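Visitor: prediction below, plus the sequence it came from.
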Number of protein chains: 2
Amino acid sequence: MSRSDLPSHTCTIARAVAQVGDEWTLLIVREMFLGTRRFDDFLRLTGMSSHLLAQRLKKLEAEGVIRRAPYSERPPRHEYRLTEKGRDLWAVIIALKQWGDRWLGTDDTPVQITHKACGKVVRPHMTCPDCGERIEAHDAEAQLSHTFELERQAARRAP
Amino acid sequence: MSRSDLPSHTCTIARAVAQVGDEWTLLIVREMFLGTRRFDDFLRLTGMSSHLLAQRLKKLEAEGVIRRAPYSERPPRHEYRLTEKGRDLWAVIIALKQWGDRWLGTDDTPVQITHKACGKVVRPHMTCPDCGERIEAHDAEAQLSHTFELERQAARRAP
DNA sequence: ACAGTCACTTCTTTTTTTAAATTGACTAAC
DNA sequence: GTTAGTCAATTTAAAAAAAGAAGTGACTGT
C-alpha cells in the first residue's frame, strides 16, 4: 500500500481508501458479508493468490477491520470475521453493488438484499437523515473545512 | 488491473471493484466530486505520478466513468468530467467518507455534505426504499441467485 | 503408511508503480 | 525575441508489488 501512512490531518476519504480501497481487499470484505470465513474459501472464491490473501488478511487485522477467531487448537485453526469496524463497511459494499448492478449488470442480479424488518427484497439507497429524502450527487453540496481548504490551495500552488 | 476482464456472468460487485476499486481511481473520483477537472490539479491534489494519472484517466474514460471535454483548441486543452455513470458513484464515495469519518477521523470533518433541498448539513445513510428505515449490515440478508450459488459451490470444490 | 486438508510461507518471474526527465504547444514577462 | 512558465502528457530507469508455483507443518481420515 502506497499511502496507508497518510497523516492524521488528511481527508478521511483518502484514509478510508488507503485502508480498504483496493481491489482484493474489497473482494475479501464482500466475501465476508456473504459468510465466508476461512482462508481456503477466500482463496477459491476470489481466485486470488495465497500470498496476497495472507498479506491482505494481516493488514485488515492490523487495521481492526477483521479479527482472527480460533476454532481449533490442534491443529491451530482459525477463521476470519468482521469486527464492528468491518461490518460498518456494509454501506460501501452495497453502494458498489448497486452501481455494479446498474452499470455493469446483466438481467439477473447475482446477489439480492432482503431487509429483515420488512421482509422485502430491496435496493437500499442513500437518504438524507433530516428530511428522509433520497440523495444523489446532484442533491448534495460539499463544504470543505477551513484547514482542509487551505491545505488544498497550498497543494495546488506548490508542485 | 488484474481483473478488469471479468466475464459478464460474474458477480457485479467483483466487476464494480475491477473498474473502480483501486486506490488512485477512487481518489480521482473523489476529486471530481470536489470539482477538480484538470490534469495538473489532480496531480497536485492527489500526489500521484503523472504516468499513473494519465493511465487511470484513460481507463476511466474507456469505461465511460469520465469524459474529456475540450475547453481550448489552441493549444489543445481539455478537462475531465464525470459522466452519469461516474456521478452515480456518489453513494460509494459518500459511504467511504462516512466510514472514514467514523473510524479514521479526528474531531473535525474535512468535508461536509449539505442536502440542497433542506439546506441542512447531513450524514446520508443507507435506507430501505420500502419501509424507509435505516439499514445496516445486521438488518439485511443476502440471497444468492441459483446460478451464482452453483458457481460458488463449483469454485469451492475445484482448486 | 499414505493421501488429503488447512493455513500459510518461500521463491522466482512478471507486471505495476514511482520518480525524474523530456516533449510540444502554446502564453506572458522581460 | 529570448526566456520562463503552464498544461497535458510521454519516456525511461529503478523500485516495489503481484502472480504463479512449489513447499511446509500440523494434523485427520482411510
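Guide: Cool, got the structure.
Visitor: tally of neighbours for A:Thr109?
Guide: A:Thr109 has 20 neighbours, counted by other CB atoms under 10 Å in any protein chain shown. Yep, even glycine has a C-beta here, placed from its N, CA and C like the rest.
Visitor: give the contact list for it.
Guide: Counting by CB atoms under 8 Å, 6 or more residues apart in numbering or on different chains, A:Thr109 touches A:Asp101, B:Thr12, B:Ser145.
Visitor: ok, now with 6 Å
Guide: A:Asp101 (CB atoms under 6 Å, 6 or more residues apart in numbering or on different chains).
Visitor: pretty sure it belongs to a strand, no?
Guide: No. With DSSP: H, G, I helix; E, B strand; the rest coil as the criterion, A:Thr109 is assigned coil and is not in a strand.
Visitor: how much space between it and A:Glu61?
Guide: With distances taken as CB to CB, to the nearest Å, A:Thr109 is found 31 Å from A:Glu61.
Visitor: shaky segments in chain A?
Guide: Low-confidence segments of chain A (pLDDT under 70): A:1-10, A:158-159.
Visitor: try it again with 50
Guide: Applying pLDDT under 50 to chain A picks out residues A:1-5, A:8.
Visitor: helices of that one, start to end?
Guide: A:12-20, A:23-33, A:39-46, A:50-63, A:84-87, A:90-104, A:146-157 (DSSP state H).
Visitor: list the buried residues in the longest one.
Guide: Meaning helix A:90-104. Neighbour counts over helix A:90-104 (16 or more other CB atoms under 10 Å in any protein chain shown) mark A:90-101, A:103-104 as buried.
Visitor: next one: the last one
Guide: Of the residues in helix A:146-157, those scored as buried under the neighbour-count criterion (16+ other CB under 10 Å) are A:Phe148, A:Glu151, A:Arg152.
Visitor: could you dump those to a markdown table with distance to DNA strand C?
Guide: As requested, the buried residues of helix A:146-157 are exported to a markdown table (distance: CB to the nearest atom of the strand, whole Å):
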| residue | distance to DNA strand C |
| --- | --- |
| A:Phe148 | 22 |
| A:Glu151 | 19 |
| A:Arg152 | 19 |
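Visitor: pretty sure A:Val122 sits against B:Cys131.
Guide: No. Taking contacts as CB atoms under 6 Å, A:Val122 lies outside contact range of B:Cys131: 8.6 Å.
Visitor: any idea which of the buried residues of helix A:146-157 is closest to B:Ser50?
Guide: Closest to B:Ser50 out of the buried residues of helix A:146-157 is A:Arg152 (18.8 Å), distances taken as CB to CB.
Visitor: which residue, other than its chain neighbours, is closest to that closest one?
Guide: Distances taken as CB to CB, 6 or more residues apart in numbering or on different chains put B:Leu45 closest to A:Arg152, at 6.1 Å, once the chain neighbours are dropped.
Visitor: which residues touch that neighbour?
Guide: Here B:Leu45 is in contact with A:Ala155, B:Glu31, B:Thr36 (CB under 6 Å, 6+ apart).
Visitor: kindly recompute the last result at 7 Å.
Guide: A:Arg152, A:Ala155, A:Arg156, B:Glu31, B:Thr36 (CB atoms under 7 Å, 6 or more residues apart in numbering or on different chains).
Visitor: which of those residues sits closest to DNA strand D?
Guide: A:Arg156 (8.6 Å; CB to the nearest atom of the strand).
Visitor: and the closest residue in space to that closest one that isn't next to it in sequence, how far is that from B:Leu53?
Guide: Among residues not flanking A:Arg156 along the chain, B:Arg44 sits closest, at 5.3 Å (CB to CB, 6+ apart). For B:Arg44, the distance to B:Leu53 (CB to CB) stands at 10 Å.
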